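A.B. asks: Provide a 3D model corresponding to the input given below.
(4 chains)
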4 protein chains.
Amino acid sequence: MGKGRLEAFSDGVIAIIITIMVLELRVPHDVTLDALAPLWPVFLSYVLSFAYIGIYWNNHHHMLHAVKHVRGSVLWANLHLLFWLSLTPFTTAWMGENHFATIPVALYGFGLLMNAIAYTILVRTLIAAHGHDSEFAARIGSDFKGYVSLAMYVLATGLAFVNSWISLAIFFAVAMIWFTPDRRFERSLDGP
Amino acid sequence: MGKGRLEAFSDGVIAIIITIMVLELRVPHDVTLDALAPLWPVFLSYVLSFAYIGIYWNNHHHMLHAVKHVRGSVLWANLHLLFWLSLTPFTTAWMGENHFATIPVALYGFGLLMNAIAYTILVRTLIAAHGHDSEFAARIGSDFKGYVSLAMYVLATGLAFVNSWISLAIFFAVAMIWFTPDRRFERSLDGP
Amino acid sequence: MGKGRLEAFSDGVIAIIITIMVLELRVPHDVTLDALAPLWPVFLSYVLSFAYIGIYWNNHHHMLHAVKHVRGSVLWANLHLLFWLSLTPFTTAWMGENHFATIPVALYGFGLLMNAIAYTILVRTLIAAHGHDSEFAARIGSDFKGYVSLAMYVLATGLAFVNSWISLAIFFAVAMIWFTPDRRFERSLDGP
Amino acid sequence: MGKGRLEAFSDGVIAIIITIMVLELRVPHDVTLDALAPLWPVFLSYVLSFAYIGIYWNNHHHMLHAVKHVRGSVLWANLHLLFWLSLTPFTTAWMGENHFATIPVALYGFGLLMNAIAYTILVRTLIAAHGHDSEFAARIGSDFKGYVSLAMYVLATGLAFVNSWISLAIFFAVAMIWFTPDRRFERSLDGP
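C.D. replies: Here you go, the predicted model:
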């Protein structure tokens, strides 16, 4: 019950975040294909952020599906995650409008890092709520992918000061890792 | 369960897409009926896109109703559909603000085509998840209407370079085809 | 099932409509109470439209609660209602930004009229789906309040050309009528 | 049933309110860290309002979870709460864009006060609907925290005319009080 509404509220916030980003894709005044060309960094940033927010929704969906019960601390940890996710339209817009300049790319990486940290906190809070020897905790396991991602975000944020395209490549690479769904929770969707 | 949240998230994203398009309908400075007149291409584009997004929601609703279970690949195929749908406010605004000029109309047609391709991929992914000899696959059948629409979008996109009003007429014609609800899934709503 | 998702999608669209209207309430540059004063027509328009959209959500909620099953025609009638409701932010903004000038007030009244007609169509479609001798049809009864409202909207739209404050008074009066909840469906919420 | 949709609609509106506030965080033109610095009052205001709206969602969630049935008056009291909450993006933006000037901070405090009064009315309406000797009423108890908050908002609004930083400190202090979840309803989430 409590879980249902937590999911509904998270779905609402994530749906709005993922959709309002398209408002940054401003309509050009001219009506030629050439007029669309300058939009490519904004578009590429949109694709990247849409993928990331989609991945978070996906993982959130899988994880919450395995959750048995929630408590106050889970609600706050979830709200904390939504807070960092809600800043994604800002970091996306700054990066996209400035052709992947160093500082905006680094801030984008920092944003991804904070999203990942907030997600990790939510995972830990849920494990604490279920007990460390619960079925839920067993499913989470070592969370190897999560920690690799954290390291990659730190790396990408730092490398933005060398070459921001390397950072972008890392952002896309991490997204690719996550597109393979999380086998731990996968079974629970398909059933027995 | 997994299906319920997939529907909820899709509902949220589609609801936002369909509603933020109205923000393009900018309030005129003057307070005469004449001041409203120049808005008609924006309004007509809004009506068309509202109808299309509504049709997608409707078909999504009917199809998901028949779905028995979802898996990771379905979530990604659904997200992919939402991505293309989310670009509709952009193509709608470009077309509406430029009085149905050639390139914006062609891009609008291309957007409809990508929506339809993404929907077809979702249908195929769901059939794969249920099995080709499942009740679900039987209900989908040959998806004749879907393939006709795809062909019409390609045609309309190309004809925009001849006369963009022909393209618009095709867009409205395809919408009309879909307003007749999909009998395949209809029964499952009304029950036995 | 089908009904649940119809409610969820309607809730999403109505929630967005009711909330994005506040974006018209533009922050003044100055930091005095006097700087807020010129906002009153926008604020008053917001209050009025918030009340109307809230009333529609409320009546929609009560009516759908009594609904036993939906079919394709109901989905389209509902989408048609959402379309007209979605234009409310536009008519509200035009009226509020122009200090209740004649034409914007008349258009606002016309918008309310179209909302009411669309709602009536939805009611009729639902009655047709349940049968004219169904429990649902019996609960709707003569829909006296609905027809009175329609007449009042026509009256208010016409009187805007005499004095737009009379129209505004009628808009508020009709809203007041609806704040008394619909007893027909009320019992089903509390009820045994 | 009625309760479910009340929760869904409230979730939708609150999700939109909490998310559109980030649109005020306008992307700077420059691409240096220095260019971000002037955004801090807007960011701080966003953090504060995100926390408050999150707290309202959280408390609403806990309270509604304990609710057994709703009636018309509850729907209106809830809509009234959503109305005041919906003004939060406006008061937040005015305060944030003006470096916490006196009048905007006082208006922000007044907005928090109105939110709290509207919430109290909702609580009272729900108690009336359940009966004063109901389990629900027993759980609410004296609502000590609610009344302390009301007093603090009045105090903070008044003190804005002395020093607006005192008001801000009070706003954050009250938020802290609410971050400790409401034990009254907590058990019902975890419960046996």
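
A.B. asks: wait, what's in contact with residue A:109?
C.D. replies: Neighbouring residues of residue A:109 by CB atoms under 8 Å, 6 or more residues apart in numbering or on different chains: A:153, A:156, A:157, A:160, A:167, A:171. Yep, even glycine has a C-beta here, placed from its N, CA and C like the rest.

A.B. asks: tell me the pLDDT at residue A:61?
C.D. replies: On the pLDDT scale, residue A:61 is placed at 88.

A.B. asks: now it. Nearest residue, chain neighbours left out?
C.D. replies: Nearest residue to residue A:61, sequence neighbours excluded (CB to CB, 6 or more residues apart in numbering or on different chains): residue B:5, at 5.5 Å.

A.B. asks: now that neighbour: which helix or strand?
C.D. replies: In the assignment (DSSP states H and E), residue B:5 maps to helix B:2-20.

A.B. asks: and that helix, which residues are buried?
C.D. replies: Neighbour counts over helix B:2-20 (16 or more other CB atoms under 10 Å in any protein chain shown) mark B:2, B:4-20 as buried.

A.B. asks: okay, it in PDB with CA atoms only?
C.D. replies: Output of helix B:2-20 as PDB, limited to C-alpha atoms (Å, rounded to 0.1, in the frame of the first residue of the first chain):
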ATOM      1  CA  GLY B   2       5.300  -4.800 -13.300                       C
ATOM      2  CA  LYS B   3       2.700  -4.100 -15.900                       C
ATOM      3  CA  GLY B   4       0.800  -1.800 -13.600                       C
ATOM      4  CA  ARG B   5       3.800   0.500 -13.100                       C
ATOM      5  CA  LEU B   6       4.700   0.400 -16.800                       C
ATOM      6  CA  GLU B   7       1.200   1.700 -17.500                       C
ATOM      7  CA  ALA B   8       1.400   4.300 -14.800                       C
ATOM      8  CA  PHE B   9       4.800   5.700 -16.000                       C
ATOM      9  CA  SER B  10       3.600   5.700 -19.700                       C
ATOM     10  CA  ASP B  11       0.400   7.400 -18.600                       C
ATOM     11  CA  GLY B  12       2.400  10.100 -16.800                       C
ATOM     12  CA  VAL B  13       4.800  10.700 -19.800                       C
ATOM     13  CA  ILE B  14       2.000  10.700 -22.400                       C
ATOM     14  CA  ALA B  15      -0.200  13.000 -20.200                       C
ATOM     15  CA  ILE B  16       2.700  15.500 -19.900                       C
ATOM     16  CA  ILE B  17       3.400  15.300 -23.700                       C
ATOM     17  CA  ILE B  18      -0.200  15.900 -24.600                       C
ATOM     18  CA  THR B  19      -0.600  18.800 -22.200                       C
ATOM     19  CA  ILE B  20       2.600  20.800 -22.600                       C
END
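
A.B. asks: and that helix, how far out from the chain middle?
C.D. replies: From the chain centre to the centre of helix B:2-20 is a distance of 13 Å (CA atoms, centre = their mean, to the nearest Å).

A.B. asks: output the contacting helices and strands for it.
C.D. replies: Under the contact criterion of 3 or more CB pairs under 8 Å, 6 or more residues apart in numbering or on different chains; DSSP states H and E, helix B:2-20 touches helix A:2-20, helix A:40-66, helix B:40-66, helix B:72-86, helix B:88-97, helix C:2-20, helix C:72-86.

A.B. asks: per-residue confidence averaged over the first one?
C.D. replies: So the one you mean is helix A:2-20. Helix A:2-20 shows a mean pLDDT of 90.

A.B. asks: helix or strand next in line after that helix, which one?
C.D. replies: Next along from helix A:2-20, by DSSP H and E: helix A:33-36.

A.B. asks: need the residues that contact that following helix.
C.D. replies: For helix A:33-36, the surrounding residues in contact (CB under 8 Å, 6+ apart) are A:28, A:29, B:103, B:107.

A.B. asks: might one say that the third one is in contact with residue A:31?
C.D. replies: Yes - proximity of residue B:103 to residue A:31 meets the contact threshold set by CB atoms under 8 Å, at 5.3 Å.

A.B. asks: mind checking how far the nearest residue to residue A:16 once chain neighbours are set aside is from residue B:36?
C.D. replies: Among residues not flanking residue A:16 along the chain, residue D:19 sits closest, at 4.2 Å (CB to CB, 6+ apart). Distance, residue D:19 to residue B:36, using CB to CB, to the nearest Å: 31 Å.

A.B. asks: now residue A:132: which helix or strand?
C.D. replies: Counting by DSSP H and E, residue A:132 is part of no helix or strand.

A.B. asks: coming back round to it: filter the contacts of helix A:33-36 by proximity to chain C?
C.D. replies: Near chain C, judged by CB under 8 Å from any CB of the partner chain, there are no entries from the contacts of helix A:33-36.
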